[in-house]
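[1] no FASTA, just this:
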Ligand SMILES: Cc1cc2nc3c(=O)[nH]c(=O)nc-3n(C[C@H](O)[C@H](O)[C@H](O)COP(=O)(O)OP(=O)(O)OC[C@H]3O[C@@H](n4cnc5c(N)ncnc54)[C@H](O)[C@@H]3O)c2cc1C
Ligand code: SF4
């Protein structure tokens, strides 16, 4: 008899360890490790999502005839204590798992197996379409990786949106068509549909109460939990995206609204990342919508690119570069993360709105993460590892594999440009164009310096001033650098002073 150990982010019937097991002989083990839940101060709603989804998944497995040893959260419980109890009771020959999604978990379980003198076997995960070894082979020894190249290879491999070996419509990428502004959306008269309301059953309600009781100091409120926790509910959630939001997904992918946080986004990452949905079924469902002419190609291609392009690329980099990647800090950013990142109490309205939405729900869409929070973290010179910890704590869809490249590589440019050809830096004009935040802000995106100027405006130039030498040869940054060089010394000094005053007040050197 073997034991299939299913971790909290592997809740899928396509779990490879489950696929290799035999219902009549093998056991399932699932553990709500208290120690694991306390590694960071996770958003309460993320803990609800995982524990509630685990309990429902265990119940589904039992209903399907599996024998499940489910260990609920209790004082002092660790993976080791739960595993020891399981061994005493059931004496399996080995533990079998789908490859864990983080190297820390893989390492901890391997060591645990050695300690318990029990073999631990990992089977290739089915949660991604590109295997770890396959990505490594593709990446080779390249000094830089381009997502677009990986995406095209994945299109050819999966056959998604391909015809006779060529991309549908002879075009790989519709990104340039997907940059419409907030004003475009307002003029379009397209309303944003409400997200489906999820009714919580008694199991989920019990978990909500447990998380509020056991993790009272964590950010967010368990009682406001809003996501589906079963496979059936996740399928309905996917359908509502396909039927109500996919059509406009491409056009308005980059806009941000104070009133409508989710806009036309799918909000599938929390479900994909724990296995309730698979990447191929999401991509295939969107492609079917295109084939049935219920969604345009720019929207469907944009969505498929996120799923088989970005998601797989980010995971590939995680396994390619290993734990050391998390420690990179090529730009030497050293400031601590300000405490107001946990409260949203800051006069910059864009940050205030995005942080308030995050505290309330544990979720922001991509551009809020990248161009508001990430942009600020980059320009203010916040230490990448502090940002990494904070993102890992605050988001319902956060896992180590997805955080490393998004935070270290994409927003902090701390890997020296390994995965992004230029830093994602923008001034207030971008946020003004894409959102309604500036209208309610005490700062003006039109002013460049001084007490009423948008801080992004001078922080942007201050960033290039500080890193001019590093980016001197980067053709994608050249225009910004040339504009900076053309300014008089007096103008440059005003920028430097404005930035220094702002940073001293809002990002002091020791706040945490
Ligand atoms: C700083 C930063 C932190 C992020 N943290 C996370 C995180 O913790 N968990 C997470 O799943 N995604 C993360 N992302 C990626 C992306 O922002 C989220 O996947 C997306 O906002 C989730 O909302 P959605 O499901 O509505 O996405 P949609 O906009 O509807 O996109 C569809 C899907 O594409 C995938 N996807 C798109 N971009 C990425 C990406 N860069 N990395 C991985 N998957 C991607 C996701 O699975 C997502 O569900 C982060 C991005 C940045 C810049
Ligand atoms: S003016 Fe600047 S700080 Fe204020 S909301 Fe706009 S971009 Fe943000």
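    Great, that's in hand. Just so it is clear, the structure is predicted and the values come from calculations on it, not from any experiment. Residues are numbered from 1 along each chain as shown. Ligands and ions are numbered 1, 2, ... in the order given.

[2] only C-alpha atoms for contact and neighbour calcs from this point on.
    Will do.

[3] how close does the residue lying closest to residue 262 once chain neighbours are set aside get to ligand 2?
    In space, and not counting its chain neighbours, residue 262 is closest to residue 365: 6.8 Å by C-alpha to C-alpha, 6 or more residues apart in numbering. Using C-alpha to the nearest ligand atom, to the nearest Å, residue 365 is found at 16 Å from ligand 2.

[4] Need the pLDDT of residue 365.
    With respect to pLDDT, residue 365 scores 97.

[5] what's residue 97 sitting at in phi/psi?
    Torsion angles at residue 97 (phi, psi; degrees, to the nearest 10) stand at phi -140, psi 150.

[6] So which residues make contact with whatever helix or strand residue 110 lives in?
    Element membership of residue 110 [criterion: DSSP states H and E] is helix 103-116. In this structure, residues lying in contact with helix 103-116 by C-alpha atoms under 8 Å, 6 or more residues apart in numbering are 80, 84, 99, 100, 119, 120, 319, 322, 323.

[7] Among these, name the buried ones.
    Buried members of these, counted by 16 or more other C-alpha atoms under 10 Å: 80, 99, 100, 120, 319, 323.

[8] what would the contacts of helix 103-116 look like in CSV with distance to ligand 1, pLDDT and secondary structure?
    Listed next are the contacts of helix 103-116 as CSV, based on distance: C-alpha to the nearest ligand atom, whole Å; pLDDT from 0 to 100; DSSP: H, G, I helix; E, B strand; the rest coil:
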residue, distance to ligand 1, pLDDT, secondary structure
80, 27, 94, helix
84, 32, 96, helix
99, 18, 97, coil
100, 16, 98, coil
119, 31, 97, coil
120, 28, 98, strand
319, 14, 98, helix
322, 17, 96, coil
323, 17, 97, helix
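
[9] on that earlier part again, for ligand 2, state which of the buried ones among the contacts of helix 103-116 is nearest.
    Nearest to ligand 2 among these, counting by C-alpha to the nearest ligand atom, is residue 323 at 33.8 Å.

[10] Grab the nearest non-local neighbour of that closest one.
    On the basis of C-alpha to C-alpha, 6+ apart, the spatially nearest residue to residue 323 that is not a chain neighbour turns out to be residue 103, at 7.4 Å.

[11] Run the chain-centre distance for the helix holding residue 110.
    Distance of helix 103-116 from the chain centroid (C-alpha atoms, centre = their mean, to the nearest Å) equals 25 Å.

[12] Could you say which helix or strand holds residue 122?
    Per DSSP H and E: strand 120-123 holds residue 122.

[13] Can you list the neighbours in contact with the following helix or strand past that strand?
    Next along the chain after strand 120-123, taking DSSP H and E as the criterion, comes helix 132-139. Residues outside helix 132-139 that contact it (C-alpha under 8 Å, 6+ apart): 145, 316, 319, 320.

[14] Skip ahead from helix 132-139 and say which helix or strand is next.
    Scanning forward in sequence from helix 132-139 by DSSP H and E, the next helix or strand is helix 147-158.

[15] can you give me the mean pLDDT across the helix or strand that that next one is followed by?
    Using DSSP H and E, the helix or strand that follows helix 147-158 towards the C-terminus is strand 162-163. The average pLDDT within strand 162-163 is 97.

[16] Pull up the pairing partners for strand 162-163, direction included.
    Paired neighbours of strand 162-163 in the sheet (DSSP bridges): strand 166-167 (antiparallel).

[17] May I ask you to confirm that residue 397 is in contact with residue 227?
    No: in terms of C-alpha atoms under 8 Å, residue 397 does not count as a neighbour of residue 227; the distance is 11.2 Å.

[18] okay, the two: which has more neighbours?
    With other C-alpha atoms under 10 Å as the criterion, residue 397 and residue 227 differ in neighbour count, and residue 227 comes out ahead with 25 against 22.

[19] got a list of what the more buried one touches?
    Residues near residue 227 by C-alpha under 8 Å, 6+ apart: 49, 198.

[20] ok, now how distant is it from ligand 1?
    Distance from residue 227 to ligand 1, by C-alpha to the nearest ligand atom: 12 Å.

[21] so how far is residue 15 from that residue?
    Using C-alpha to C-alpha, to the nearest Å, residue 227 is found at 22 Å from residue 15.

[22] likewise residue 300?
    27 Å.

[23] more neighbours, the two?
    Taking neighbours as other C-alpha under 10 Å, residue 300 and residue 15 compare with residue 300 leading, 28 against 21.

[24] Tell me which helix or strand the more buried one sits in.
    Short version, using DSSP H and E: residue 300 is in helix 297-304.

[25] coming back round to it: going by neighbour count, which residues of the helix holding residue 110 are buried?
    Within helix 103-116, the residues scored as buried using 16+ other C-alpha under 10 Å are 103, 106, 109, 110, 112, 113.

[26] And for stretch 116-135?
    Within stretch 116-135, the residues that count as buried by 16+ other C-alpha under 10 Å are 118, 120-123, 125-132, 135.

[27] for stretch 56-64, same thing?
    Residues of stretch 56-64 classed as buried: 56, 57, 58, 61 (neighbour count, 16+ other C-alpha under 10 Å).

[28] From those residues, which land in helices?
    Within the buried residues of stretch 56-64, residues falling in helices by DSSP state H are 56, 57, 58, 61.

[29] ok, the first one to ligand 1 distance?
    Shown here: residue 56 relative to ligand 1, a distance of 21 Å by C-alpha to the nearest ligand atom.

[30] so how far is residue 102 from the spatially closest residue to that residue that is not a sequence neighbour?
    Leaving aside its sequence neighbours, residue 56 sits nearest to residue 230 (C-alpha to C-alpha, 6+ apart; 6.3 Å). With distances taken as C-alpha to C-alpha, residue 230 is found 23 Å from residue 102.

[31] Let me know the pLDDT of residue 35.
    Residue 35 is given a pLDDT of 86.

[32] Mind telling me what element it is part of?
    Element membership for residue 35, per DSSP H and E: helix 34-37.

[33] Pull out the buried positions in that helix.
    34, 37.

[34] what do you get for stretch 180-194?
    The neighbour-count check on stretch 180-194 (16+ other C-alpha under 10 Å) flags 180, 181, 182, 184, 185 as buried.

[35] Name the residues that touch the helix or strand harbouring the fourth one?
    Assigning secondary structure by DSSP H and E places residue 184 in helix 182-188. With C-alpha under 8 Å, 6+ apart as the test, helix 182-188 has contacts from 252, 255, 256, 257, 433, 434, 435, 436.
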